[in-house]
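In: Test case, fold it:
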Amino acid sequence: MSDLPPQNASGELGEDNEGRPGIPTLADTGVENAATEAVAAEADTAPESPHHAGVQGDAGPASNRFSDALRQILASSGLLTVLAVVISLVISGVLIAATNAQVQAAAAYFFGRPSDTFIAIGQAVGGAYASLFQGGVYDFTAPDFATGIMPLLSSLSFATPLIAAGLGIAVAFRAGLFNIGGQGMVLIGGAAAGWIGINWHLPFGIHLLVAVAFGLLGGALWAFIVGILKARTGAHEVIVTIMLNYVAIYLIDYLLQTPVLQAPGSAQPKSADILSTALLFPLFGPQYGVNFGFVLAIAATIYCWWLLNRSSLGFKFRAIGENPKAARVAGMNVNRVIVYVFIISGALVGLAGAYQTLGQGGGGITDGFDAGIGFNAITVALLGRSRPWGVFAAGILFGIVDAGGYAMQAANNVDINIVTVLQAVVVLFIAAPPLVRAIFRLPAPGAKRKPGPRQIRKEAVAK
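Out: Coordinates of the predicted model:
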């Protein structure tokens, strides 16, 4: 006789109701199996109407496939992103209504005439979002299509640097690294591109390509500092990138007060005008805001998609992002890959810096030309789920919000800070997927459909 406790039918140790091993369970005595067989036999003989089967979720294969597809859609990250934007619009609408003077005046006599308050809320929120659409997508009051589409092209101009910088941040995110140094990389890349555009005299076309290349190089070299420190010393990339932001800010401020960047004979911290041969030329004419930089943003998106999804280097990026220890065991040089990640990430963010100096009409370099793009790019990368085409769409969305926000402020006297609140709330809900699922009662990822009676019967007979 063995001293080991008895085992159940599946080979596991039996447990009593209090979890103590060694006491037979129903499965051990065969009672549970007998009950299962009785239920299965009764289910085989009992008639089963189609209506009853549908209620229990035990429909045919086509219905099961439809249910599984619907469940996958409801649990997808794309739907969560859309719903997060919807919630953000609702919350921003509440803020617009709460700060509107007409709504406040009507609310004073709400219990006397409640309809006035609701009408005022509808006019305030509806008018604000209509202005946002007309200022960022299409102006229906325009006399022709060419004039009506100008807001969308202006939005693409706002979106271009956000797309480029967002791609750089997203590449780092996919590798499990947090690049918070977008501001510094934008400044260094933009300064490098601007210096070439001011001081080098090259033919049209070549001058622009060389200036953009130096912008990429400037951002890549600045990010290389982070990568080498992370790989060689283990320094945390968040701390290093944040500190390098301050270094870049004060370095550019110093250079703008020295002959390196300052315009000759000027007492202001401003460079000379960039030569016309180095400017990003407009795609559809000077009256439209979008220029060749948007084409570069599309090319950067295609490159990032290929890099992350089709190249061996991108596979290494994703591998160390998932589990750096497993990647090291698999033979990958994790430290070298980290350096590559930051170089590519910095180059993409440097492209945004080059756009800021070469695509703004050639007025020269001033302090603060980064315009907060380095930090807004983090928001764009999060909203795009760190996927190249998701970042592209998120950048266009934020470009529409930025361009339409000014129209909303001018037409409806809405505080421009509401636009910033909208962006912040989007990030809040993007960073909290369980909250969005709880609000809309969506299934969690990986949740499986509960088996119907027929599936249970098949499993019981198989056992």
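In: And the helix or strand hosting residue 381, what's buried?
Out: Using DSSP states H and E, residue 381 sits within helix 373-383. By 16 or more other C-beta atoms under 10 Å, the buried positions in helix 373-383 come out as 373, 374, 376, 377, 378, 379, 380, 381, 382, 383. Glycine gets a C-beta too; all of them are placed from N, C-alpha and C.
In: just stretch 112-132 next, same as before
Out: 116-117, 120-121, 123-125, 127-132.
In: Stretch 409-428 too?
Out: Residues 409, 412, 414, 418, 419, 422, 423, 425, 426, 427 are the ones in stretch 409-428 that count as buried (16+ other C-beta under 10 Å).
In: mean confidence score for the top helix by length along the chain?
Out: When the chain is parsed with DSSP state H, its longest helix is helix 206-233. Rounded to a whole number, the mean pLDDT of helix 206-233 is 96.
In: again with stretch 112-123
Out: The model assigns stretch 112-123 a mean pLDDT of 93.
In: Stretch 432-452 now?
Out: Here the average pLDDT along stretch 432-452 is 72.
In: Check stretch 77-97 too.
Out: The average pLDDT within stretch 77-97 is 85.
In: Only C-alpha atoms, please: export it in PDB.
Out: What follows is stretch 77-97, C-alpha atoms only, in PDB (Å, rounded to 0.1, in the frame of the first residue of the first chain):
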ATOM      1  CA  SER A  77      -7.700  47.800 -29.100                       C
ATOM      2  CA  GLY A  78      -8.900  49.700 -32.100                       C
ATOM      3  CA  LEU A  79     -12.500  49.900 -30.700                       C
ATOM      4  CA  LEU A  80     -11.100  50.900 -27.300                       C
ATOM      5  CA  THR A  81      -9.300  53.800 -29.000                       C
ATOM      6  CA  VAL A  82     -12.500  55.000 -30.800                       C
ATOM      7  CA  LEU A  83     -14.500  54.700 -27.600                       C
ATOM      8  CA  ALA A  84     -11.800  56.600 -25.700                       C
ATOM      9  CA  VAL A  85     -12.100  59.500 -28.200                       C
ATOM     10  CA  VAL A  86     -15.900  59.400 -27.900                       C
ATOM     11  CA  ILE A  87     -15.700  59.600 -24.100                       C
ATOM     12  CA  SER A  88     -13.200  62.500 -24.400                       C
ATOM     13  CA  LEU A  89     -15.600  64.400 -26.700                       C
ATOM     14  CA  VAL A  90     -18.400  63.900 -24.200                       C
ATOM     15  CA  ILE A  91     -16.300  65.100 -21.300                       C
ATOM     16  CA  SER A  92     -15.000  68.100 -23.300                       C
ATOM     17  CA  GLY A  93     -18.600  68.900 -24.200                       C
ATOM     18  CA  VAL A  94     -19.600  69.000 -20.600                       C
ATOM     19  CA  LEU A  95     -16.700  71.500 -20.000                       C
ATOM     20  CA  ILE A  96     -17.700  73.600 -23.000                       C
ATOM     21  CA  ALA A  97     -21.300  73.800 -21.700                       C
END
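In: list the buried ones in that stretch?
Out: Applying 16+ other C-beta under 10 Å to stretch 77-97 flags 79-81, 83-85, 87-89, 91-93, 95-97 as buried.
In: And the buried residues of stretch 112-132, which is closest to residue 307?
Out: For the buried residues of stretch 112-132, the residue nearest residue 307 by C-beta to C-beta is residue 132; the value is 34.3 Å.
In: How about residues contacting the helix or strand hosting the closest one?
Out: Applying DSSP H and E as the criterion places residue 132 in helix 114-136. Helix 114-136 has contacts (C-beta atoms under 8 Å, 6 or more residues apart in numbering) with 89, 93, 96-97, 100, 102-103, 105-107, 109-110, 140-141, 151-152, 154-155, 399-408, 410-412, 414.
In: now do stretch 384-393
Out: Contacts of stretch 384-393 (C-beta under 8 Å, 6+ apart): 77-78, 81, 163, 166-167, 170, 173-174, 297-298, 301-302, 304-305, 308, 380-381, 383, 394-395.
In: Doesn't residue 361 lie inside a helix?
Out: No. Using DSSP: H, G, I helix; E, B strand; the rest coil, the assignment for residue 361 is coil, not a helix.
In: tally of neighbours for the residue nearest to it when sequence neighbours are not counted?
Out: The spatial neighbour of residue 361 that comes closest, neighbours along the chain excluded (C-beta to C-beta, 6 or more residues apart in numbering), is residue 279 at 7.5 Å. Per other C-beta atoms under 10 Å, the neighbour tally for residue 279 reads 22.
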